[in-house]
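Chemist: This is the structure alone, sequence omitted:
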Ligand SMILES: NC(=O)c1ccc[n+]([C@@H]2O[C@H](COP(=O)([O-])OP(=O)(O)OC[C@H]3O[C@@H](n4cnc5c(N)ncnc54)[C@H](O)[C@@H]3O)[C@@H](O)[C@H]2O)c1
Ligand SMILES: [Zn+2]
């Protein structure tokens, strides 16, 4: 098992990563000073797979009155309406200021339950138990919790750090290939922005990853969490611009998701976005040809797309210009200098972007 600390002064917390560690939830919550009543927010898919093991662990440590609040599966549940229903159910469960909310599920559950925990009675203790690769390496770390509202995706939210994150690698075994791919796209992102060794590790261990080899998954989750933890601990509230490098692949990726009407999934869109950003850097004479080829071949071997489906270049460019990452009317790009090192620029010629997208 690996324990990584997210250093945020009095809001610091540990991220425990290991196989089968769901069974230790009860004792870890007790160590954090939590006891008594507890509310678990989850969805029917995850509940049927993992609630029993969680319940056994909690009951074994004397947690009483465990209430499981279920939210149907799907991004559309990340809404103010669902949050509103959960507040009332929490009230019915007699949840108090120190009653922890445990978010058991993927990023949708983590963001929604986190938002509810942050706002119910002005904030109750939050524990993340992420069960998708994306949630383990990305959404459970860094304290961004949010719901969607109308056109506003992830824009109604707050920064709210959990008390503890428990990432049980064994829960990843039940993921389908597409959901695993969404997480792998983010892992590749961490490699490109900070750690070419992680990319080499992915290249060498792809077959094992696809076979859900637990030590290999533990290693890639741990390294990804270390990288994200280091970045967010220096820029907790996303005010210093340091967190911006986490958007590598996402400027173009978000445009692809939105122009495709969310037919292209997040991981797929980010994969295309990462490669397009690398091509832009190559065209600018910065990224080497072999580096670009290596990234493209890794994405292909993982099974992520590298080409844009039939989408209008102009629609993509205008979607980018409307993205929230735009500052002062300019589109900001995170571009690789080499694999493992990126730079941020808002000085990319849009005709170059158009050309790369059209290719
Ligand atoms: N807060 C952040 O910093 C942050 C960062 C990245 C993404 N996000 C958010 O995360 C969300 C996407 O998260 P996601 O990719 O985990 O999607 P998700 O939560 O919808 O989960 C994907 C699917 O996998 C199922 N599932 C979850 N765990 C499973 C398991 N162990 N076995 C089998 N099936 C399982 C879910 O029921 C769902 O159908 C988006 O809403 C996105 O905005 C937030
Ligand atoms: Zn992402």
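Modeler: Here it is on my side, so go on. Since the model is a prediction, treat every value here as computed from it, not as a measurement. Ligands and ions are numbered 1, 2, ... in the order given.
Chemist: going forward, measure contacts and count neighbours with C-alpha atoms only.
Modeler: Noted.
Chemist: where does the stretch 101-250 of the chain come near ligand 1, residue by residue?
Modeler: Neighbours of ligand 1 within the stretch 101-250 of the chain, by Cα under 6 Å from any ligand atom: 105-109, 111, 131-132, 134-135, 138-139, 144-145, 171-172, 174-175, 179.
Chemist: which residues are in contact with the longest strand belonging to the chain?
Modeler: Counting by DSSP state E, the longest strand found in the chain is strand 152-159. Residues outside strand 152-159 that contact it (Cα atoms under 8 Å, 6 or more residues apart in numbering) are 115, 118, 143, 144, 145, 146, 147, 148, 149, 237.
Chemist: show me where pLDDT drops low in the protein?
Modeler: 324-328 (pLDDT under 70).
Chemist: Can you mark which positions in stretch 136-156 are buried?
Modeler: Across stretch 136-156, burial judged by 16 or more other Cα atoms under 10 Å covers 136-148, 154.
Chemist: And for the closest residue to residue 171 other than its chain neighbours, the neighbour number?
Modeler: Spatial nearest neighbour of residue 171, excluding adjacent residues (Cα to Cα, 6 or more residues apart in numbering): residue 131 at 5.7 Å. Neighbouring residues of residue 131 were enumerated by other Cα atoms under 10 Å; the total is 28.
Chemist: in the stretch 51-200 of the chain, which spans are helices?
Modeler: 80-92, 107-119, 133-134, 177-194, 196-210 (DSSP state H, counting those that start in this stretch).
Chemist: quick one, which of these is nearest to residue 270?
Modeler: The minimum distance between residue 270 and these falls on helix 177-194, with 6.7 Å, by Cα to Cα.
Chemist: Okay, buried residues for the closest one please.
Modeler: So helix 177-194, judged by 16+ other Cα under 10 Å, has buried residues 179-194.
Chemist: cool, and stretch 113-124?
Modeler: 113, 114, 115, 116, 117, 118, 119, 120, 123, 124.
Chemist: what's the offset of that stretch from the middle of its chain?
Modeler: 19 Å (Cα atoms, centre = their mean, to the nearest Å).
Chemist: And the contacts of that stretch?
Modeler: Counting by Cα under 8 Å, 6+ apart, 41, 83, 86-87, 96-103, 125-126, 145-147, 157-158, 160 sit against stretch 113-124.
Chemist: Same check on stretch 333-349?
Modeler: Applying Cα under 8 Å, 6+ apart, the set of residues contacting stretch 333-349 is 191-196, 244-245, 247-249, 251, 277-278, 280-281, 286-288, 291, 330-332.
Chemist: In helices, which of those fall?
Modeler: If you go by DSSP state H, the contacts of stretch 333-349 have 191, 192, 193, 194, 196, 251, 277, 278, 280, 281, 291 in helices.
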